[in-house]
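> Provide a 3D model corresponding to the input given below.
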Amino acid sequence: MDQRTKQAPRFHNGQRIRTMGVHVVAGPDALPHGLAPATIVLAVKPQSMDQVVPAYAGPAATALTISIAAGKSIAYYEKLLGESRAIVRVMPNTPAAVGRVMSVCVANARSEEHTSEL
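Numbering: from 1, shown residues only. Have a look, this model is predicted:
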């Protein structure tokens with residue numbers, strides 16, 4: 001089983017992403033027994049982060065955690081997930097509607113071994 005995990009309760013193209021080796025689950029309680037994800041992607045609205053993030057403090061403590069949420073600092077995630085967690089924030093800009101978009105990625109110091117693979 002592939003070790004990549006993505007939280008996506010309403011992921012519209014779930015079949016396609018599964019063919020890429022990504023295991024899609026609704027949350028940490030839905031992780032198959034024995035699955036140890038190498039990466040967790042948190043792609044929820046910033047106002048939902050306070051309810052979502054704490055659930056990931058225990059599962060996959062060594063996983064790289066990637067967040068796509070505006071207004072949440074790396075310190076915010078370190079407080080909720082632990083300071084030893086590798087964390088990357090991805091901040092996309094808004095002009096996706098015109099087909100020209102870019103994202104800025106910022107990683108904490110613990111992410112070095114993970115991000116060299118990205």
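> so is the spatially most central residue of the chain in a helix, a strand, or just coil?
By Cα atoms, centre = their mean, the chain has its centre lying nearest to Val41, at 1.6 Å. State at Val41, reduced to three classes by DSSP: H, G, I helix; E, B strand; the rest coil: strand.
> That one touches Ile68, doesn't it?
Yes: if you go by Cβ atoms under 8 Å, Val41 and Ile68 touch, sitting 7.1 Å apart. Where C-beta positions appear, they are placed from N, C-alpha and C, glycine not excepted.
> could you measure Val41 against Cys105, distance?
Noted for Val41: a distance of 12 Å to Cys105, by Cβ to Cβ, to the nearest Å.
> what about the strands in this protein?
4-7, 22-25, 39-42, 64-67, 87-92, 103-107 (DSSP state E).
> right, so those strands: which one is the most enclosed?
strand 64-67 (a mean of 24; mean count of other Cβ atoms under 10 Å).
> Which strands border that strand, and is each parallel or antiparallel?
Here strand 64-67 is paired, per DSSP bridges, with strand 39-42 (parallel), strand 87-92 (parallel).
> Could you tell me how far it lies from the centre of the chain?
Chain-centre distance of strand 64-67: 4 Å, with Cα atoms, centre = their mean, to the nearest Å.
> for the protein, which helix is longest?
For the chain, the longest helix by residue count, based on DSSP state H, is helix 74-81.
> Correct me if wrong: Pro54 contacts Leu80.
Yes: contact criterion Cβ under 8 Å: Pro54 and Leu80 qualify, at 5.5 Å.
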